[in-house]
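Q: only geometry, no sequence info:
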């Protein structure tokens with residue numbers, strides 16, 4: 001009996017609800033999964049606020065949600081799919097459908113009716129599950145014996161795209177590992193992103209310690225070689241002078257003897 005019950009549990013399909021979180025102040029599009037739940041945060045606290053949420057279709061604004069202090073009115077969403085939380089200003093869309101895709105426009109007004117904020121957010125509904133969000137981004141720097149630097153970037157998540165900036169300038173290399181020559185230094189930033197989220201890490205790139213030690217050794221060896229060369233030249237000069245003086249003295253002695 002227990003075996004049959006366990007087999008029935010395995011045969012019963014299980015569905016895990018994927019909850020996606022987006023904010024209207026984000027720069028990247030918002031991605032949601034078909035049939036799952038989407039959280040759209042508009043403000044940090046909707047109490048004592050007046051806000052209007054529209055969906056842009058063509059050149060026309062279609063009302064989605066109207067909030068005035070502690071009262072709200074929904075227009076196009078069915079009641080069983082639509083929730084609004086005042087304490088964190090979040091619209092919850094249960095069981096996302098394809099028609100939820102589109103551009104949404106948020107407008108905020110003060111007590112006098114003056115518009116204080118407006119922003120658009122693109123919502124994309126995907127059939128498949130979205131990739132895992134970006135985890136913490138880490139950057140490691142390794143120096144070779146020649147002084148070249150190997151800079152690597154890593155992060156948790158799926159379908160990662162990497163980009164780099166050095167001293168505020170974008171680098172063409174889009175791989176997770178880049179190579180910098182021995183003269184390169186400054187502030188380097190790695191950004192990892194996918195369709196769900198993004199993260200970045202900034203660190204300092206300096207001249208490698210290996211490179212400095214090699215330079216010091218080179219200078220010391222060069223200095224010793226120069227000192228040895230000057231010593232040999234000085235010794236050779238003294239030897240030549242001695243030989244000339246000795247030869248001249250012998251000639252004088254021979255002339256006196258004659």
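A: Perfect, I can see it now. Everything numeric here is computed off the predicted structure, so don't read it as measured data. Numbers count the residues shown, from 1 in each chain.
Q: who's the residue nearest the centre of the chain bridged to?
A: By Cα atoms, centre = their mean, the chain has its centre lying nearest to residue 191, at 1.6 Å. When assigned by DSSP bridges, residue 191 has beta-bridge partners residue 163, residue 200.
Q: so who does it touch?
A: By Cβ atoms under 8 Å, 6 or more residues apart in numbering, the contact set of residue 191 is 137, 162, 163, 164, 165, 198, 199, 200. Every C-beta, even on glycine, is put in place using the N, C-alpha and C of the backbone.
Q: for residue 138, same thing?
A: So residue 138 contacts 153, 154, 155, 201 (Cβ under 8 Å, 6+ apart).
Q: Quickly note the distance from the third one to residue 147.
A: Meaning residue 155. 28 Å (Cβ to Cβ, to the nearest Å).
Q: same thing with residue 82?
A: With Cβ to Cβ as the criterion, residue 82 and residue 147 are 61 Å apart.
Q: do the same with residue 135
A: 32 Å.
Q: Who has more neighbours out of those two?
A: Between residue 135 and residue 147, residue 147 has the larger neighbour count (other Cβ atoms under 10 Å), namely 18 against 13.
Q: Just to be sure, that one is in a strand?
A: No - applying DSSP: H, G, I helix; E, B strand; the rest coil, one finds residue 147 to be coil, outside a strand.
Q: Surely it touches residue 206?
A: No - using Cβ atoms under 8 Å, residue 147 makes no contact with residue 206, being 11.3 Å away.
Q: Now for the contacts of residue 138: which two are most distant?
A: Farthest apart among the contacts of residue 138 by Cβ to Cβ are 154 and 201. That separation is 9.6 Å.
Q: who touches both of the two?
A: With Cβ under 8 Å, 6+ apart, residue 154 and residue 201 have common neighbours 137, 138.
Q: So what are the sheet partners of the longest strand belonging to the chain and their directions?
A: Longest among the strand segments of the chain by residue count, using DSSP state E, is strand 115-126. Paired neighbours of strand 115-126 in the sheet (DSSP bridges): strand 30-33 (parallel), strand 102-109 (antiparallel).
Q: in the longest one, what's buried?
A: When you say that, I think you mean strand 102-109. For strand 102-109, the neighbour count (16 or more other Cβ atoms under 10 Å) marks 104, 105, 106, 107, 108, 109 as buried.
Q: what does that strand contact?
A: 24, 40, 42-43, 49-57, 61, 64, 115-123.
Q: Could you chop the chain up by domain?
A: Listed by automatic domain parsing, the domain ranges of the chain are 15-126, 131-233.
Q: Which of those sits closest to residue 239?
A: domain 131-233 (10.3 Å).
Q: Just give me the neighbour total for residue 236.
A: Residues near residue 236, counting by other Cβ under 10 Å: 10.
Q: Quick check: it is in a strand.
A: No - counting by three-state DSSP, residue 236 is not part of a strand but helix.
Q: Tell me how far the spatially closest residue to residue 111 that is not a sequence neighbour lies from residue 68.
A: With Cβ to Cβ, 6 or more residues apart in numbering as the criterion, residue 111 has its nearest non-adjacent residue at 7.8 Å, and that residue is residue 50. Going from residue 50 to residue 68 by Cβ to Cβ gives 5 Å.
Q: circling back to that earlier point, can I get the buried part of the contacts of strand 102-109 as one PyMOL selection?
A: To isolate the buried ones among these in PyMOL, judged by 16+ other Cβ under 10 Å, type:
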select buried, resi 24+40+42+43+49+50+51+52+53+54+55+64+121+123
